[in-house]
Every structure is written in structure tokens, then in C-alpha cells.
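Colleague: Sequence below, structure please.
(one chain, ligands or ions: 1)
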Amino acid sequence: MLTLDGVTLAQGDFRLTADLRIPPGLTAVIGPSGGGKSTLLAAVAGFLTPRAGRIRWDGDDITVRQPGDRPVTMLFQDNNLFPHLTIAQNVGLALAPRLRLTVAQQEQVAVALAAVGLEGMGDRKPRALSGGQQGRAALARALLADRPVVLLDEAFAALGPSLRHEMLTLVRDRLVGQGRTVIVVTHDPQDARDFADQVVLVADGVAHPPRDTAVIFEDPPQALRDYLGG
Ligand SMILES: Nc1ncnc2c1ncn2[C@@H]1O[C@H](COP(=O)(O)OP(=O)(O)OP(=O)(O)O)[C@@H](O)[C@H]1O
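Modeller: Just a heads-up that it's a prediction; the model follows:
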């Protein structure tokens, strides 16, 4: 379980508080632009140190751990892949940072590529893939990375609705299916309705504790009404 215990985050004059627990499954983070969604993810990933409070994973205090030492992997909207490496090498980084893959690890890479629909494309460079295929490759790397928490900061925002749905379906089937804690920032409340088990609303300087998706949309709190209506 990921726990943010009395956390205060600061970026310039901006302040965000978070006192919440996120269980395994798919959690959507929604709320107005500039509300602090990326700030929240940056703190979990280790790119931003809280001003106050503690961040814990299964009881371990990870508040000041370096990003690479956290049980967390993150997908961004762009630049998830190294352009000079092949797709197989990019995915293989999850298993061997120096890319000396054993035969068994090469097989694991091939299986992960097949799982996201990129069978046979391992030898290509990222520029020889479409945007959607690049997103799939990044997802394959997350599949192989042995990290229980996966953060997606609008990773599929550029893809358009139908590809985005395909990717979110893959995330659900593959990552959530493995019991991971997947946290997705989205600008589309319908994505949250369609894919998320629970919703964290980030508004007015507060990251609210997750609520069951069906429940929060059935009876939205005022901050969510304001966001949905705006
Ligand atoms: N490096 C920074 N220095 C100062 N202020 C910052 C910095 N980064 C972000 N902010 C401010 O922090 C606030 C929260 O930004 P954040 O990117 O977390 O919001 P968001 O909800 O992810 O927004 P969006 O939906 O538009 O991506 C904003 O007011 C932003 O201007």
C-alpha cells in the first residue's frame, strides 16, 4: 500500500497537501489544470521532496529515497525511449541497465513485446515506430520492470481517444492484472469512469483520498462538480 502521511508539497508559491492511502488497482488522478496532479506524482516518484510528512510503501519510509531506489516506475507523455537504442534494448533496460542480457532475458523481452502487440519490432529504433507503438514499447518496459508502483503522467494524452483507450486497456489487463498499483493522471473524466477502480481528486490545494469511481461520479463533491462543469 502506498501511503502519503501528512504530506505538504511546494513548487514556488504553490502548495499541495496529501494525507491518503492508495491501494493496488488503477487509480485515476483528476482535477483542474494547475491543480497539482503532476506535483503529486513527482513526489511519489522522488523528483520532489516533501516539505512535511512522510511517503511510505508497505511501511517502508521512502520519503527521501532517490527515484531509482524507489519501488516506482514512471511513464511520461514523451521521451520514454532512448532514440539511439533499439526497441528491444529500450525494453531490456528494465532487466539489465548495462544491456548485457542473458538468453533468458532476451526471451523475456520478446514476450513483453508480444504482450503489447509489438512482436517482431524489437530491432527497430523508436523513430521507426508510430506514437502509439512507442507508447506500447514504454509499457513493455514497465511490464518487465520489477516495480510494484507504476505512474503514468498523461502518458497517452497525445494519442487520441481510440488509441488511448487501447493503451489504458493494456495497462488494465497487463499491469493492474499483475496486482500493481497504477496511478494515471488524466484530463478526461470519462477515462477515469471507464478504467479506474478509484479516483483521487486534486483541487484547491488538496489531493483528496481515493474514492470508489462509481461512488464519486454518482455523488460528486463540490470541487469535482466545479471541475466537471467547467
Ligand atoms: N518548477 C516550478 N516552479 C514553480 N511553480 C511550479 C513549478 N512546477 C509547477 N509549478 C506550479 O505548481 C502548480 C501545480 O502544477 P502541476 O503541474 O502539478 O499541476 P497539474 O494539475 O499537473 O496541471 P496540468 O493539468 O495543467 O498538467 C501550478 O500552479 C504550477 O504553475
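Colleague: C-alpha only now, for contacts and for neighbours.
Modeller: Fine.
Colleague: got any ranges where the protein has weak pLDDT?
Modeller: Applying pLDDT under 70 to the chain flags residues 79, 230.
Colleague: Close to the ligand: what parts of it are there?
Modeller: 11-12, 14, 32-39 (Cα under 6 Å from any ligand atom).
Colleague: Could you give me the ChimeraX syntax to select whichever of those residues are buried?
Modeller: A single ChimeraX command selects the buried members of those (16 or more other Cα atoms under 10 Å):
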select :32,35,36,37,38,39
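Colleague: Narrow the residues of the chain next to the ligand to those in helices?
Modeller: Among the residues of the chain next to the ligand, the ones falling in helices (DSSP state H) are 37-39.
Colleague: before we move on, the earlier item: how about the residues of the chain next to the ligand in JSON lines, adding distance to residue 157?
Modeller: Listed next are the residues of the chain next to the ligand as JSON lines, based on distance: Cα to Cα, whole Å:
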{"residue": "11", "distance to residue 157": "23"}
{"residue": "12", "distance to residue 157": "26"}
{"residue": "14", "distance to residue 157": "24"}
{"residue": "32", "distance to residue 157": "15"}
{"residue": "33", "distance to residue 157": "14"}
{"residue": "34", "distance to residue 157": "16"}
{"residue": "35", "distance to residue 157": "17"}
{"residue": "36", "distance to residue 157": "17"}
{"residue": "37", "distance to residue 157": "14"}
{"residue": "38", "distance to residue 157": "14"}
{"residue": "39", "distance to residue 157": "17"}
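Colleague: and the nearest residue to residue 179 once chain neighbours are set aside, what is it in contact with?
Modeller: In space, and not counting its chain neighbours, residue 179 is closest to residue 24: 6.2 Å by Cα to Cα, 6 or more residues apart in numbering. Shown in contact with residue 24 (Cα atoms under 8 Å, 6 or more residues apart in numbering): 1, 176, 179-182.
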